[in-house]
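> Sequence plus predicted model, see below.
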Amino acid sequence: PLELDPMWSRNIVALADRDVWKSKRGSLTPFFTIKQVKNLFSTLKQFSEKLVEHLIARSEGQAAVVEMREVCKRLSCDISNTYSFGVNSDSINNPDSEMYTMTDKAFMVPTLYGIRYYVDKLFPKLLKWTGVKVFSDEVRHFFTNIMKQSIKIRAESNFTGLDVINLLLELHKVEKSRADNLDSQVFEDIMAQALILTFAGYDTVTSALSSLIYELTVHPDIQKKLHEEILNTIENFNGILNYDSVMAIEYLDNVIDGKCVTQPPILRTIYLQKLCACIP
């Protein structure tokens with residue numbers, strides 16, 4: 001119910017009102033255009049380079065045992081929170097990162113979160129009667145403070161970030177100089193959309209990336225072919241790694257699509273079969 005937990009109920013996934021949902025969907029669409037993705041690619045590249053440097057440092061020139069799912073979770077946390085809250089937690093290099101801990105508590109660790117989510121979908125009045133919120137008070141207070149700090153910095157320094165906060169401030173026609181004095185409903189709306197985008201990019205990317213790394217490890221022939229195509233494609237783009245060069249790596253697209261079909265990163269995915277195919 002909206003009045004019980006607006007931090008969850010205002011997000012685009014939880015909205016029950018069709019007209020409001022269409023309006024919110026339209027407001028977030030600019031964040032997923034090709035132009036915006038190209039703008040965000042340099043940030044994604046920086047995080048990827050940090051990951052490689054971290055793995056090299058951990059190995060110190062020798063073979064090392066690394067829990068790749070944990071590494072993928074930290075990478076996903078840094079990327080999703082940068083795009084959603086404008087905050088770089090650098091959890092890859094900081095094992096005690098509070099941002100990583102709170103993100104994990106919000107979306108991954110508690111089984112109760114999943115129960116709350118489905119109860120909210122199936123029996124919304126039950127949550128209202130019990131007073132149970134989707135997010136714990138600890139998580140709510142942490143991300144609320146992070147959002148307030150991020151908005152305050154924009155108001156004081158006239159900073160414009162390539163993230164969902166900047167997009168939603170513009171859509172609500174909020175002047176940057178007044179951004180730290182938002183109406184409560186506007187603030188709750190920005191919080192809800194930022195959290196759902198973090199959720200969408202955290203668990204799914206973690207699952208997809210870690211399982212893909214595993215498959216490439218146990219299938220060295222596929223790994224070799226993919227590596228060769230990546231090098232050849234980058235060479236064709238004069239050694240430049242950008243959005244266009246990545247999109248030109250067709251075999252990479254095939255590998256990722258195939259992995260998402262056999263092991264979807266979300267709990268439930270429905271596929272419509274158009275052609276007969278043999279999956280080994």
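Okay, I see it. Residues are numbered from 1 along each chain as shown.
> okay, CA-based contacts and neighbour counts for the rest of this
Noted.
> And what about residue 146, helix, strand or coil?
helix (DSSP: H, G, I helix; E, B strand; the rest coil).
> count of residues packed around it?
16 (other C-alpha atoms under 10 Å).
> Then residue 95?
Counted with other C-alpha under 10 Å, residue 95 comes out at 11.
> Report the separation between it and residue 258.
33 Å (C-alpha to C-alpha, to the nearest Å).
> cool, and residue 240?
26 Å.
> And for residue 196?
26 Å.
> So which of those two has more stuff around it?
Set side by side, residue 196 and residue 258 show more neighbours around residue 196, with 20 against 14, by other C-alpha under 10 Å.
> Go ahead and confirm that one touches residue 9.
No - with contact defined as C-alpha atoms under 8 Å, residue 196 does not count as touching residue 9 (10.2 Å).
> The longest helix seen in the chain: which residues count as buried?
As assigned by DSSP state H, the longest helix anywhere in the chain is helix 184-218. Buried residues in helix 184-218, counted by 16 or more other C-alpha atoms under 10 Å: 187-199, 201-212.
> Beyond it, next helix or strand please.
helix 220-236 (DSSP states H and E).
> Check which helix or strand residue 82 maps to.
Residue 82 belongs to helix 68-85, assigned by DSSP H and E.
> ok, now residue 89?
Using DSSP H and E, no helix or strand contains residue 89.
> go on, the one 10 residues further on?
Following DSSP H and E, one finds residue 99 within helix 98-107.
> Now do that helix against helix 184-218, angle only.
90 degrees (axes from the mean of the first three to the mean of the last three C-alpha atoms, to 10 degrees).
> residues making contact with helix 98-107?
74, 77-78, 89, 91, 113, 135-136, 139, 142, 199, 203 (C-alpha atoms under 8 Å, 6 or more residues apart in numbering).
> Buried members of those into ChimeraX, please.
In ChimeraX syntax, the buried subset of the contacts of helix 98-107 is picked out as below (16+ other C-alpha under 10 Å):
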select :74,77,78,89,91,113,135,139,199,203
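> Residue 41 touches residue 241, doesn't it?
No - Residue 41 lies out of contact with residue 241 (C-alpha under 8 Å); the separation is 9.7 Å.
> So in this protein, where's the weakest helix or strand by average pLDDT?
helix 111-122 (a mean of 60; mean pLDDT, DSSP states H and E).
> ok so, going back, let me see the mean pLDDT of the longest helix of the chain.
Mean pLDDT, helix 184-218: 87.
> same for that helix, what does it pack against?
helix 6-9, helix 68-85, helix 164-171, helix 220-236, helix 250-262 (3 or more C-alpha pairs under 8 Å, 6 or more residues apart in numbering; DSSP states H and E).
> ok, now with 6 Å
helix 6-9, helix 68-85 (3 or more C-alpha pairs under 6 Å, 6 or more residues apart in numbering; DSSP states H and E).
> Using CSV, write down the CA coordinates of the longest one.
Output in CSV follows, covering the C-alpha atoms of helix 68-85 (Å, rounded to 0.1, in the frame of the first residue of the first chain):
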residue,chain,number,x,y,z
MET,A,68,33.7,-14.7,-8.2
ARG,A,69,30.1,-14.3,-7.2
GLU,A,70,31.2,-12.1,-4.3
VAL,A,71,33.3,-10.1,-6.7
CYS,A,72,30.5,-9.8,-9.2
LYS,A,73,28.1,-8.6,-6.4
ARG,A,74,30.6,-5.8,-5.5
LEU,A,75,31.0,-4.8,-9.1
SER,A,76,27.2,-4.7,-9.6
CYS,A,77,26.8,-2.7,-6.4
ASP,A,78,29.3,-0.1,-7.5
ILE,A,79,27.7,0.3,-10.9
SER,A,80,24.1,0.3,-9.9
ASN,A,81,24.5,2.7,-7.0
THR,A,82,26.5,5.1,-9.1
TYR,A,83,23.8,5.2,-11.7
SER,A,84,21.0,5.3,-9.1
PHE,A,85,22.4,7.4,-6.3
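> Give me the buried positions along it.
Buried-residue list, helix 68-85, by 16+ other C-alpha under 10 Å: 68-69, 71-85.
> No more questions from me, cheers.
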